[in-house]
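A.B. asks: how would this look folded up:
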Amino acid sequence: MNKAQLVEQLASELEITKADCERVIDCTIEAIKKSVKKGDDVTLVGFGTFTKSKRKARTGRNPQTGAAIKIPACTVPKFRAGKAFKDYLN
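C.D. replies: Okay, here's the model as predicted:
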């Protein structure tokens, strides 16, 4: 499912316009991104938790040449599914 399909499904279920639904989805995603960037965890009970994590610098390999390259440290987003979501899938 892509964003357009999600907007269409939610708009029909909630009986609102697609434009309003898309604005709600965009605002939700933006709020999650800003909060995680600040360092706060975003927990949606029954769904999961969005966090940020630091990845250490490491040495990798160029797959074409086999040469060693340095991969710098960075911050990455993480999502941990909640128990209710895991149970729903199983």
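A.B. asks: Got phi/psi on N2?
C.D. replies: With angles defined as degrees, to the nearest 10, N2 sits at phi -100, psi -180.
A.B. asks: neighbours around it, how many?
C.D. replies: N2 sits with 7 neighbouring residues when counted by other C-beta atoms under 10 Å. Every residue, glycine included, has its C-beta placed from N, CA and C.
A.B. asks: Kindly provide the distance from it to P72.
C.D. replies: From N2 over to P72 the distance is 32 Å, taken as C-beta to C-beta, to the nearest Å.
A.B. asks: Repeat that for F47.
C.D. replies: Computed with C-beta to C-beta, the distance linking F47 and P72 is 32 Å.
A.B. asks: Who has more neighbours out of the two?
C.D. replies: Taking neighbours as other C-beta under 10 Å, F47 and P72 compare with F47 leading, 13 against 8.
A.B. asks: so what pLDDT did the more buried one get?
C.D. replies: Looking at F47, its pLDDT reads 95.
A.B. asks: what's the answer for C21, then?
C.D. replies: 95.
A.B. asks: Which residue, other than its chain neighbours, is closest to it?
C.D. replies: A11 (4.1 Å; C-beta to C-beta, 6 or more residues apart in numbering).
A.B. asks: So what are the structural domains in this protein, by residue number?
C.D. replies: Domain assignment for the chain, taken from automatic domain parsing, gives 1-39, 41-90.
A.B. asks: Can you point out the buried residues in the first one?
C.D. replies: In other words, domain 1-39. V7, L10, A11, C21, E22, V36 (16 or more other C-beta atoms under 10 Å).
A.B. asks: Now do the contacts for the first one.
C.D. replies: Right, the one you point to is V7. Neighbouring residues of V7 by C-beta atoms under 8 Å, 6 or more residues apart in numbering: K18, C21, E22, I25.
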